[in-house]
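1. below is the structure, and that's it, no one-letter string:
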């Protein structure tokens with residue numbers, strides 16, 4: 001018997017509707033902010049991610065799925081931003097107006113140890129805004145993330161916020177860390193010792209208690225942010241305050257990718273355990289130019305769909321019955337009438353189904369319940385004589401006789 005590849009997941013019919021809910025809600029909310037969908041390929045040249053993410057990031061070093069042929073090395077995309085920027089440049093979208101808002105929904109791939117909320121094939125809902133350095137767009141993007149989470153009926157989340165400053169500020173921070181940590185390496189974990197030489201900023205968000213204590217003792221914040229970047233970050237926080245969006249300043253939040261500058265943020269949810277991030281993002285003001293495009297600032301974020309589903313299944317989440325009408329017919333004449341009703345309901349955009357296994361009434365009712373139907377329509381001998389159906393509400397358990405020619409209107413009023 002064949003089995004799925006470790007770190008992948010079959011999305012079965014019982015949970016697909018939750019995925020559809022996230023996708024539908026996402027598209028609806030993105031449209032409110034005038035974002036337009038973009039769909040880049042899942043396979044890119046590996047060099048795109050080497051260049052954008054950083055040669056010594058953990059994704060590039062350890063987690064990329066690589067595909068080699070005789071001439072080239074490709075990678076299944078580990079994240080969406082680099083692909084969006086590549087598509088923006090290659091298709092000359094800056095010529096149509098430099099300011100652009102994109103969103104995307106799709107699979108990503110990272111070769112890492114599978115665990116709860118972290119798979120080798122996972123899915124992102126994300127967005128990118130290219131062409132504005134205004135702190136107001138930072139505020140809009142973070143408020144959009146907040147709006148999406150509320151629209152998914154997710155609560156108990158926390159927005160963590162920081163500024164990395166500009167490229168020069170990041171160089172200052174790197175120098176400060178080198179000087180401050182060079183005599184403390186023995187107290188750092190093995191991963192942070194490796195990061196010291198290749199990706200020292202990642203030490204700031206290490207989860208090891210000993211590493212965090214050493215970093216907290218460095219008192220970093222006011223040592224490296226230039227006045228211009230400090231002013232930008234102040235405007236971002238003022239904008240969030242004006243919109244009454246809750247956040248907390250997290251001075252050691254850096255994110256793990258080299259392209260981030262200025263505003264970075266991460267959103268965690270209290271019920272997810274150690275891997276508590278549902279999404280993250282930030283500014284990448286130099287990436288467009290670094291990948292061969294014009295010098296344009298940009299910002300974006302992504303949610304992990306699997307993480308969103310875990311958060312949605314936490315206390316306080318809502319699921320409920322589907323707006324499905326299940327038709328049960330008793331006898332050949334009733335079945336002929338049932339087929340006509342199914343067609344009429346579907347023509348009226350009412351989801352409907354029936355029993356094709358010729359089960360007993362009890363068995364068909366069990367099938368309707370297992371299908372998550374909101375209503376059951378029963379047609380038997382008495383109903384045929386009365387030109388009616390028996391309509392049962394599965395949530396309340398109540399039932400009543402409804403004339404056949406009034407059924408569609410009755411269902412529309414109840415469902416809509």
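-> Yes, it's here. Just so it is clear, the model here is predicted, and its values are computed rather than measured.
2. are we agreed that residue 376 is in a strand?
-> Yes. Under DSSP: H, G, I helix; E, B strand; the rest coil, residue 376 falls within a strand.
3. isn't it right up against residue 324?
-> No. Using CB atoms under 8 Å, residue 376 is not in contact with residue 324; the gap is 9.6 Å. (Glycine included, C-beta is placed from N, CA and C.)
4. how far does stretch 145-153 sit from its chain's centre?
-> Between the centre of stretch 145-153 and the centre of its chain there are 11 Å (CA atoms, centre = their mean, to the nearest Å).
5. over to stretch 370-383?
-> Counting by CA atoms, centre = their mean, stretch 370-383 comes out at 37 Å from the chain centroid.
6. pLDDT on it, on average?
-> Across stretch 370-383, pLDDT averages out at 92.
7. how long is it from one end to the other?
-> With CA to CA, to the nearest Å as the measure, the ends of stretch 370-383 fall 25 Å from one another.
8. so which bits of that stretch are buried?
-> Residues of stretch 370-383 classed as buried: 371-380, 383 (neighbour count, 16 or more other CB atoms under 10 Å).
9. phi and psi next, for residue 309.
-> Torsion angles at residue 309 (phi, psi; degrees, to the nearest 10) stand at phi -60, psi -40.
10. could you measure from the residue nearest to it when sequence neighbours are not counted over to residue 306?
-> Closest residue to residue 309 apart from its sequence neighbours, by CB to CB, 6 or more residues apart in numbering: residue 18 at 6.0 Å. Distance check for residue 18 against residue 306: by CB to CB, to the nearest Å, it reads 11 Å.
11. do the same with residue 147
-> From residue 147 to residue 306 the distance is 21 Å (CB to CB).
12. same check on residue 73?
-> For residue 73 relative to residue 306 (CB to CB), the value is 28 Å.
13. the more surrounded of those two?
-> residue 306 (20 against 13; other CB atoms under 10 Å).
14. what segments of the stretch 201-350 of the chain are helices?
-> Remark: helices assigned in the stretch 201-350 of the chain by DSSP state H, counting those that start in this stretch are 209-216, 221-224, 227-242, 287-290, 305-312, 332-347.
15. which among those is found nearest to residue 104?
-> Nearest of these to residue 104, taken as CB to CB: helix 305-312 at 11.8 Å.
16. can you list contacts of the closest one?
-> Helix 305-312 has contacts (CB atoms under 8 Å, 6 or more residues apart in numbering) with 9, 15, 18-19, 22, 116-119, 122-125, 152-154, 156-157, 269, 271-272, 275, 277-279, 317.
17. any chance of the buried residues of stretch 370-383 in TSV with distance to residue 212 as columns?
-> As requested, those are exported to TSV (distance: CB to CB, whole Å):
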residue	distance to residue 212
371	50
372	45
373	51
374	50
375	55
376	57
377	60
378	63
379	66
380	69
383	69
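18. which stretches of the protein have low pLDDT?
-> 54-62, 117, 220-222, 256, 273-274, 313-321, 416 (pLDDT under 70).
19. grab the nearest non-local neighbour of residue 52.
-> In space, residue 52 comes closest to residue 82 once its chain neighbours are excluded; the distance is 4.0 Å by CB to CB, 6+ apart.
20. please list all residues in contact with the one you found.
-> Contacts of residue 82 (CB under 8 Å, 6+ apart): 44, 48-49, 52-53, 287, 291.
21. kindly report the same for residue 114.
-> 6-7, 120.
22. out of these, which is most surrounded?
-> Highest neighbour count within the contacts of residue 114: residue 120, with 19 neighbours (other CB under 10 Å).
23. for it, what are phi and psi?
-> The phi/psi pair for residue 120 (degrees, to the nearest 10) is phi -80, psi -30.
24. verify the stated contact: it with residue 6.
-> Yes. Counting by CB under 8 Å, residue 120 touches residue 6, with 7.0 Å between them.
25. nearest to residue 93 among the buried residues of stretch 370-383?
-> Using CB to CB, residue 372 is the member of the buried residues of stretch 370-383 that lies nearest residue 93, at 42.4 Å.
26. distance of that closest one relative to residue 322?
-> With CB to CB as the criterion, residue 372 and residue 322 are 5 Å apart.
27. do the same with residue 268
-> With CB to CB as the criterion, residue 268 and residue 322 are 31 Å apart.
28. same check on residue 398?
-> For residue 398, the distance to residue 322 - CB to CB - is 19 Å.
29. comparing these two, which residue is more hemmed in?
-> The neighbour comparison of residue 398 against residue 322 (other CB under 10 Å) goes to residue 322, with 12 against 9.
30. thought that one was touching residue 17?
-> Yes. Taking CB under 8 Å as the definition, residue 322 is a contact partner of residue 17 at 6.5 Å.
31. surely residue 9 and residue 120 touch.
-> No. In this structure, residue 9 is not within contact of residue 120 by CB under 8 Å, at 9.5 Å.
32. just the strands from the stretch 251-400 of the chain, written as ranges.
-> Counting by DSSP state E, counting those that start in this stretch, the stretch 251-400 of the chain has strands at residues 261-269, 277-283, 298-304, 325-329, 352-354, 375-379, 388-393, 399-403.
33. TSV for those, including distance to residue 134?
-> Putting the strands of the stretch 251-400 of the chain into TSV (distance: least, CB to CB, whole Å) gives the following:
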stretch	distance to residue 134
strand 261-269	11
strand 277-283	11
strand 298-304	10
strand 325-329	50
strand 352-354	50
strand 375-379	50
strand 388-393	52
strand 399-403	57
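34. those strands: which one's closest to residue 78?
-> Taking these one by one with CB to CB, strand 298-304 is closest: 11.3 Å.
35. quick check: angle from that closest one to strand 277-283?
-> Strand 298-304 runs at 170 degrees relative to strand 277-283, counting by axes from the mean of the first three to the mean of the last three CA atoms, to 10 degrees.
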